[in-house]
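Participant: sequence first, then the predicted structure, then my questions.
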Amino acid sequence: MTSQITLWGRKTSANVQKVLWTLAELDLDYVRVDIGGKFGGNDLPDYRAMNPNGLVPALRDGDLIMWESNAIVRYLAASYGKGTLWPESPVERALVDQWADWSCSTFQPAWLNIFLNLVRVPAEKRDQAKVDACVAATVKAFEVMQTQLARTPYLAGDRLTYADIVAGAGLYRWETMEIDRPALPHIEAWHARLKERQAFRDSVEIDYSELRAS
């Protein structure tokens, strides 16, 4: 049987990894097409017709074509993960949305700017002051999550939801970048719980050395 789901995007993209992790958690069959980065193709007219931003990922499920990783994760959770990644209670789901939206607006921009400046920019062109500022912003965001994770094992309660996916996709990069990291015991315990999941290991714990500036 041919899968009705197609995902466009290279597996080293953190935003693609969110979708890969979600697909794996939901045990969904899909086809992935390498595009973006060293593969190129994201400026071709056919791809731009699906994603006018020319970024990854893009996803097709039947007649639906979408872009924006968090929206894709939310769609997949709602369509295929009711009662698991997608809580059925509106109150519980509101808390998940709260953390997912905060991750998009606050957490990801902070850690991603470290990655862009520390990994994607050659050392001689690096703005260390900007790196330091982004590390401080990321630590501040982690402290917000740390307060919650002192109370619950996952961001929105007692079980994994799509909030953990959109936030947790950045943990491997945070752990492996060459920066000084403060002790954050509840974040570390959360990360350890995520590492117990095969879907997380296969989708997120991926070598990104090809992205390093030469």
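Facilitator: Yep, it's here.
Participant: and this structure, what are its domains?
Facilitator: Structural domains annotated on the chain: 5-80, 90-211, as defined by automatic domain parsing.
Participant: how far off centre is the first one?
Facilitator: When you say that, I think you mean domain 5-80. 12 Å (C-alpha atoms, centre = their mean, to the nearest Å).
Participant: could you do the longest one as well?
Facilitator: Between the mean C-alpha point of domain 90-211 and the mean C-alpha point of its chain there is a distance of 8 Å (C-alpha atoms, centre = their mean).
Participant: now the end-to-end length of it.
Facilitator: Domain 90-211 has an end-to-end distance of 40 Å (C-alpha to C-alpha, to the nearest Å).
Participant: tell me which residues of stretch 35-43 are tucked away?
Facilitator: Taking 16 or more other C-beta atoms under 10 Å as the neighbour-count basis, stretch 35-43 is seen to contain the buried residues 35, 36, 37, 41, 42. From N, CA and C alone the C-beta is placed, and that goes for glycine too.
Participant: can you tell me what sits against it?
Facilitator: 8-10, 12-13, 47-48, 51, 54-56, 210-211 (C-beta atoms under 8 Å, 6 or more residues apart in numbering).
Participant: before we move on, what about stretch 98-117?
Facilitator: Outside stretch 98-117, the residues that reach it (C-beta under 8 Å, 6+ apart) are 14, 70, 73-74, 126-127, 130-131, 134-135, 137-138, 140-142, 144-145, 148, 155-156, 162-163, 166-167, 170, 173-174, 177, 179.
Participant: poorly predicted segments of the protein, please.
Facilitator: By pLDDT under 70, the low-scoring segments of the chain are 1-3.
Participant: all helices of it, in order?
Facilitator: Counting by DSSP state H, the chain forms helices over residues 14-25, 45-50, 69-80, 90-102, 108-118, 128-149, 162-168, 171-176, 185-195, 198-203, given from the N-terminal end onward.
Participant: now for the last one, which elements pack on it?
Facilitator: Just to be clear, that refers to helix 198-203. Where contact means 3 or more C-beta pairs under 8 Å, 6 or more residues apart in numbering; DSSP states H and E, helix 198-203 is packed against helix 14-25.
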